[in-house]
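>>> take this sequence and fold it.
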Amino acid sequence: MTFPKGKKIYFASDNHLGAPTKDASAPREKKFVAWLDDIKQDAAAIFLLGDLFDFWFEYKTVIPKGFTRTLGKLAEISDSGIPVYFFVGNHDLWMDDYFKTELNIPVYHQAEEFVLNNKIFFIGHGDGLGPADKGYKRMKKVFTNPFFKWVFRWVHPDVGMRIAQYLSVKNKLISGDDDAQFLGEENEWLAQYSQKKLEEKHRDFFIFGHRHLPLEIQLNPSSKYINLGDWIGYYTYGVFDGDKMELKKY
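Model prediction:
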């Protein structure tokens with residue numbers, strides 16, 4: 001993807017809309033929608049790196065109630081011709097084809113590489129990568145198993161959503177974010193993962209969410225790991241102007 005001078009690529013992650021309750025998250029949703037409305041003026045593309053919702057499950061004909069302002073704004077932006085890319089997180093990993101069908105927003109279930117103005121980006125949510133998250137990695141295998149998803153679809157949505165929302169808040173293996181404290185550059189496991197990926201080939205930027213911490217770690221003179229933070233306490237986002245990548249606060 002190439003884009004002209006004056007245009008920018010935006011990145012955001014970890015909104016957890018609906019947590020701890022929909023009413024409590026409503027002000028955060030309005031702030032996020034206002035940010036989307038602001039950046040559409042000069043956005044060449046927008047990358048959302050997962051956990052937009054604290055829980056999301058797509059039944060055959062049912063999606064979770066709420067989040068109308070967010071979905072409407074994303075539809076408006078997508079319809080205007082600005083591409084939006086969505087990466088599932090550990091809280092919304094059961095996303096299927098709703099975003100693609102209704103909003104024309106592609107959904108990625110794994111980290112992917114993008115070339116943006118000749119800079120190589122490795123982009124993903126970050127859950128299950130690197131040496132940490134071992135308990136979650138085991139649980140993710142269960143949650144993504146087609147049989148488990150089929151069984152859950154047979155639970156009435158009112159019951160299934162209530163169970164899932166409870167576990168999403170209470171179960172730290174699902175959350176995967178109970179240790180949102182800086183571990184030191186040498187111990188940050190997504191930085192370790194990025195260093196390992198650099199052994200395969202060069203990437204200019206590794207962009208992840210999941211850690212709920214705004215982080216910038218220089219991996220080598222020409223490669224950087226950036227964690228986007230969250231929209232719960234930090235309200236941070238990434239912006240790439242075609243040359244440099246920065247973290248900013250809204």
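>>> the protein: strands as residue ranges?
8-12, 43-48, 84-87, 107-108, 112-116, 119-123, 205-208, 214-220, 223-228, 236-240, 245-249 (DSSP state E).
>>> which helices and strands does the second one pack with?
Using 3 or more CB pairs under 8 Å, 6 or more residues apart in numbering; DSSP states H and E as the contact criterion, the elements in contact with strand 43-48 are strand 8-12, strand 84-87. All C-beta spots, glycine's among them, are computed from the backbone N, C-alpha and C.
>>> chain center to the shortest one: distance?
Put plainly, it is strand 84-87. In terms of CA atoms, centre = their mean, to the nearest Å, the centre of strand 84-87 is set 8 Å apart from its chain centre.
>>> distance of Pro64 from Ser78?
20 Å (CB to CB, to the nearest Å).
>>> so where's this structure uncertain?
In the predicted model of the chain, residues 132-145, 149, 152, 160, 163-179 satisfy pLDDT under 70.
>>> let's go with 50 and repeat that
Scanning the chain with the threshold set as pLDDT under 50 gives 171-178.
>>> and the closest residue to Leu183 other than its chain neighbours, how far from Thr68?
Excluding its sequence neighbours, the residue lying closest to Leu183 (CB to CB, 6 or more residues apart in numbering) is Trp189, at 7.6 Å. To Thr68, Trp189 is 36 Å away according to CB to CB.
>>> neighbour-wise, which of those two wins?
Trp189 (15 against 9; other CB atoms under 10 Å).
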